[in-house]
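Peer 1: sequence plus predicted model, see below.
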Amino acid sequence: MVEKLIIIGSGPAGLSAAIYASREGFAPLVLGGFAPGGQLQLTTKVENYPGFPEGVDGPVLIEQMMNQAKKFGTRFVYENAIEVDFSGKPFKVKTADKEFESECIIIATGANAKRLGIDSENKFMGRGVSNCATCDGAFYKGKDVITVGGGDTAMEDSVFLTRFAKSVTIVHRKDHFRASKTMQDRVFSNPKIRVIWNTTIAEITGDRSVTGVRLKNVLTNQTTEMKIDGVFVAIGYTPNTDIFKGKIELDQMGYIVPKDEVYTGIDGVFVAGDVADHFYRQAATAAGSGVKAALIAREYLQNLESNANKQ
Ligand SMILES: Cc1cc2nc3c(=O)[nH]c(=O)nc-3n(C[C@H](O)[C@H](O)[C@H](O)COP(=O)(O)OP(=O)(O)OC[C@H]3O[C@@H](n4cnc5c(N)ncnc54)[C@H](O)[C@@H]3O)c2cc1C
């Protein structure tokens, strides 16, 4: 059986695309992947998604989106796509034990924030540890926070966090930043920001939420305790594009290069969400691009149908 539309990824981008496409009658198949629901499953309260003035828990928001998509006829397979073949039509998508064919594809495989790689980071994720200053900064009014990283994102996040936090301490494992000079200047001229060089976070401590960190100087191996209310990890993202290497144009960081927002350069293969966006990285922007991809997919599928009817 050849599917009309396969959506690879079940985060806000994939689910929004699924809601639109299923409501249009295309009964899409969503491959949910290794992390069904995507990044929002990792967070507690989302306060900036439109329609929820009191905020909504990330997993609850995702469950609602999934239910809405199912209601209109979306089907889910909670497997990873491990190989794609876009060289001919219908397109082919393989999981570990199945092979699917489809007339049209929407790629919405998202990105993963790079982690510090310590156990306590996972324990406190969403409860004092965050990868998203834009999302969670407002929860830290009058508090002391740490930012980890040395690139532009870490600088930008640190400056942004000073709008809310009493103090921002940048912890960096080297003795210099790789961020642009402009961003560094903004950091060094901000009286609320200080930097601890040559240092990593050995452990994040607390009970129900973060109350401190154990820092380790990488030159002396000495550790020190520090009281803190939040840790923002800003060491970059990895887009989930391994299976598209050599098949779709990727940029230097591995993100899909979108053309006119949702086009990939392959007729019938569209893209949505964080997998093609290293700037906005928000649930609402991912959802918005999912909607755009679904509407363009509809146009593509309708054209296929009308061409077939003419023959
Ligand atoms: C801790 C945290 C808190 C956040 N808080 C907020 C917030 O408060 N507000 C906000 O707007 N944004 C927030 N964000 C950002 C937001 O979650 C992302 O911008 C959004 O989830 C991106 O959606 P997406 O659908 O593009 O990708 P993702 O959410 O990353 O979903 C990608 C999906 O693709 C699937 N996938 C990947 N590879 C494959 C494959 N090979 N085969 C099949 N499926 C695959 C994954 O399983 C996943 O389901 C937060 C992010 C994090 C990490």
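Peer 2: Alright, I've got the coordinates.
Peer 1: contacting residues around the residue nearest to Met125 when sequence neighbours are not counted?
Peer 2: Of all residues not flanking Met125 in the chain, Leu42 sits nearest, at 5.5 Å (CB to CB, 6 or more residues apart in numbering). From N, CA and C alone the C-beta is placed, and that goes for glycine too. Counting by CB atoms under 8 Å, 6 or more residues apart in numbering, Leu42 makes contact with 58, 125-126.
Peer 1: from those, which land in helices?
Peer 2: Gly58 (DSSP state H).
Peer 1: in the contacts of Leu42, which residue is surrounded by the most others?
Peer 2: Neighbours here mean other CB atoms under 10 Å. Within those, the largest count is held by Gly58, at 22 neighbours.
Peer 1: return the distance of that residue relative to the ligand.
Peer 2: 6 Å (CB to the nearest ligand atom, to the nearest Å).
Peer 1: and what of Glu99?
Peer 2: From Glu99 to the ligand the distance is 14 Å (CB to the nearest ligand atom).
Peer 1: ditto for Asn309
Peer 2: Asn309 is 33 Å from the ligand, by CB to the nearest ligand atom.
Peer 1: which parts of the host helix or strand of that residue are buried?
Peer 2: Taking DSSP states H and E as the definition, Asn309 sits inside helix 283-310. Buried residues in helix 283-310, counted by 16 or more other CB atoms under 10 Å: 283, 285-298, 300-301.
Peer 1: and the contacts of Leu42 as a markdown table, adding pLDDT?
Peer 2: Below are the contacts of Leu42 laid out as a markdown table (pLDDT from 0 to 100):
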| residue | pLDDT |
| --- | --- |
| Gly58 | 93 |
| Met125 | 91 |
| Gly126 | 88 |
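Peer 1: now distance to Glu47 too, for the contacts of Leu42, in a markdown table please.
Peer 2: Formatted as a markdown table, the contacts of Leu42 follow (distance: CB to CB, whole Å):
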| residue | distance to Glu47 |
| --- | --- |
| Gly58 | 11 |
| Met125 | 17 |
| Gly126 | 13 |
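Peer 1: closest one to Ala234 out of the contacts of Leu42, please.
Peer 2: Closest approach between the contacts of Leu42 and Ala234, by CB to CB: Met125, at 14.3 Å.
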